[in-house]
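# no sequence on this one, just coordinates:
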């Protein structure tokens, strides 16, 4: 009997160990083993009544020992414009450019199920045609790529977003110089910024024609995050237990007051840290100390912008805080010679400087930005040029 009991215990232990091993292996495997490599777009035709753009999108499977199938992939386009778009015709073709000769694209544009093998990738060509009597009012094209991934993780529908600027303002389109205590400020109008842009190139293109030695250029933290692809589609988030519970304790105006907004923070810093920050912040509030959650949850907690937090089409997304803002301002200084800062400003007069070069005075930045010259609506002036009066050698605008 004792031998039977020992044998039974060993079998149960083996079953438990096998179960733990299976669970460990399951948790280590990626939930979605397919990476989308954003498209690089070329403008082939740019005429008053006809635009044609071509982009190459990458589908990559970087995981060893896993294969993933893409049985469906399609695209649709939404145009953003200042005017009515009823007379504009838009088509987008999806053309697979798989590396295997036997997988050549079909003439009927049918997307056949394709296997992205382990450590391999493939390419999809997107051809966007826009025709109409006058296209000059178009601001951007918002392309949504809908696709299915199928494999060990199951079957799930995904959406990838591409925003392509179509209108590029001239130097004369910038705003007027304004007085701000000990300095002058100039809001700089740009095209709709997207992940296709680099902050330094934006400064070179739109700011340098107006700048002189001693000026400071500032970029909003949300536009910078957009250029860094740090925005999330809420439909692709799955709020967990922590996000759904903790978000209920935030004011309705907070970007963390929704389950998806809070889940965005969870995915940045982890569920355990968010939960501990909530508990610690709640205890601190009992003793009269406010803001404990944000200090404990970390840098990103204060910077997340939930849906409606910025201009279209990004008002449909959750925008995270920017990555490495100090490195960005140092790069701007090295390549343009201008002092630079990344800032978070609102209409209530709050000015938060996330990063700045040594020559950018924090006092001047606060004075210049207190009235939020960039605006919080759809002004599309994400960059502000500041000219301290002490360094002024010419009149603003000359």
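Happy to help now that I have it. Since the model is a prediction, treat every value here as computed from it, not as a measurement.
# in a helix, residue 275, correct?
Yes - checked against DSSP: H, G, I helix; E, B strand; the rest coil, residue 275 lies within a helix.
# which residues touch the closest residue in space to it that isn't next to it in sequence?
In space, and not counting its chain neighbours, residue 275 is closest to residue 242: 5.2 Å by C-beta to C-beta, 6 or more residues apart in numbering. Heads up, the C-betas are built off the backbone N, CA and C, glycines and all. Counting by C-beta atoms under 8 Å, 6 or more residues apart in numbering, residue 242 makes contact with 262, 266, 271, 274-275.
# of those residues, closest to residue 331?
Distance to residue 331 across the contacts of residue 242 (C-beta to C-beta) is lowest for residue 266, with 30.4 Å.
# next, that closest one: phi, psi?
phi -60, psi -40 (degrees, to the nearest 10).
# what sits against it?
240, 242-243, 274 are the contacts of residue 266 under C-beta under 8 Å, 6+ apart.
# how close does it get to residue 275?
Distance, residue 266 to residue 275, by C-beta to C-beta, to the nearest Å: 9 Å.
# kindly report the same for residue 238.
Distance from residue 238 to residue 275, by C-beta to C-beta: 17 Å.
# count of neighbours near the closest residue in space to residue 316 that isn't next to it in sequence?
Spatially, and ignoring its direct neighbours in sequence, residue 316 is nearest to residue 307 (6.4 Å; C-beta to C-beta, 6+ apart). Residue 307 is flanked by 16 other residues according to other C-beta atoms under 10 Å.
# I'd say residue 307 and residue 232 touch.
No - in this structure, residue 307 is not within contact of residue 232 by C-beta atoms under 8 Å, at 10.2 Å.
# need the overlap of contacts for the two.
By C-beta under 8 Å, 6+ apart, the residues touching both residue 307 and residue 232 are 317-318.
# can you list the weak-confidence ranges in the stretch 1-150 of the chain?
Along the stretch 1-150 of the chain, the parts satisfying pLDDT under 70 run over 1, 20-32.
# and the strands in it?
Along the stretch 1-150 of the chain, counting by DSSP state E, counting those that start in this stretch, strands occupy 35-47, 50-61, 68-81, 89-97, 114-116, 120-131, 138-151.
# figure out which of those is closest to residue 200.
Nearest of those to residue 200, taken as C-beta to C-beta: strand 35-47 at 18.2 Å.
# so what's the residue nearest to residue 316 up against?
Residue 307 is in contact with 234, 258, 260-261, 315-318, counting by C-beta under 8 Å, 6+ apart.
# just to revisit the earlier point, show the pLDDT at the residue nearest to residue 275.
With respect to pLDDT, residue 242 scores 95.
# gap between it and residue 160?
Distance, residue 242 to residue 160, by C-beta to C-beta: 27 Å.
# if we can go back for a sec, for residue 220, which of the strands of the stretch 1-150 of the chain is the nearest?
Taking the strands of the stretch 1-150 of the chain one by one with C-beta to C-beta, strand 138-151 is closest: 17.8 Å.
# mind giving me the packing neighbours of the closest one?
Judged by 3 or more C-beta pairs under 8 Å, 6 or more residues apart in numbering; DSSP states H and E, strand 138-151 is in contact with strand 50-61, strand 68-81, strand 120-131, strand 154-165.
# measure how the second one sits relative to strand 120-131, angle-wise.
This points to strand 68-81. 30 degrees (axes from the mean of the first three to the mean of the last three C-alpha atoms, to 10 degrees).
# tell me the contacts of residue 290?
Residue 290 makes contact with residue 284 under the criterion C-beta under 8 Å, 6+ apart.
# again, 10 Å this time
With contact taken as C-beta atoms under 10 Å, 6 or more residues apart in numbering, residue 290 is in contact with 281, 284.
# swap in residue 374?
When contacts are counted by C-beta under 10 Å, 6+ apart, residue 374 touches 175, 185, 187-188, 218-220, 223, 343, 345, 380-384.
# now, those residues that are in helices?
When DSSP state H defines the helices, the subset of the contacts of residue 374 inside them is residue 223.
# sort the contacts of residue 374 by pLDDT and name the bottom one.
Lowest-confidence member of the contacts of residue 374: residue 175, scoring 72 (pLDDT).
# that residue reaches residue 189, doesn't it?
Yes - Residue 175 lies in contact with residue 189 (C-beta atoms under 10 Å); the separation is 6.6 Å.
# what touches both of those two?
Common neighbours of residue 175 and residue 189 (criterion: C-beta under 10 Å, 6+ apart): 379, 381.
# returning to that earlier point: so which of the contacts of residue 266 is the most crowded?
For these, neighbours were counted by other C-beta under 10 Å; the highest total belongs to residue 274, with 27 neighbours.
# check that one and give its pLDDT.
For residue 274, pLDDT reads 96.
# swap in the one 10 residues further on?
Each residue has a pLDDT score; the one for residue 284 is 92.
# give me the neighbour count for it.
16.
# list the contacts of it.
By C-beta under 10 Å, 6+ apart, the contact set of residue 284 is 290-293, 295-296.
# closest to residue 79 among the residues you listed?
Among the contacts of residue 284, and counting by C-beta to C-beta, the member closest to residue 79 is residue 293, at 40.6 Å.
# okay, domains of the protein per the record?
Domain assignment for the chain by automatic domain parsing gives 35-165, 171-229+321-391, 231-319.
# what distance separates the shortest one from the centre of its chain?
By that I understand domain 231-319. Computed by C-alpha atoms, centre = their mean, to the nearest Å, the chain-centroid distance of domain 231-319 equals 16 Å.
# that older thread, who touches both of residue 266 and residue 275?
Overlap of the contact sets of residue 266 and residue 275 (by C-beta under 10 Å, 6+ apart) consists of 241-243, 246, 297.
# need the contacts of residue 266 in TSV with distance to residue 40, can you?
As requested, the contacts of residue 266 are exported to TSV (distance: C-beta to C-beta, whole Å):
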residue	distance to residue 40
240	35
242	38
243	34
274	36
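# would you reformat the helices and strands packed on strand 138-151 as JSON lines and include mean neighbour count and distance to residue 365?
As requested, these are exported to JSON lines (neighbours: other C-beta atoms under 10 Å; distance: least, C-beta to C-beta, whole Å):
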{"stretch": "strand 50-61", "mean neighbour count": "19", "distance to residue 365": "38"}
{"stretch": "strand 68-81", "mean neighbour count": "17", "distance to residue 365": "31"}
{"stretch": "strand 120-131", "mean neighbour count": "18", "distance to residue 365": "40"}
{"stretch": "strand 154-165", "mean neighbour count": "16", "distance to residue 365": "28"}
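# thanks a lot, catch you later.
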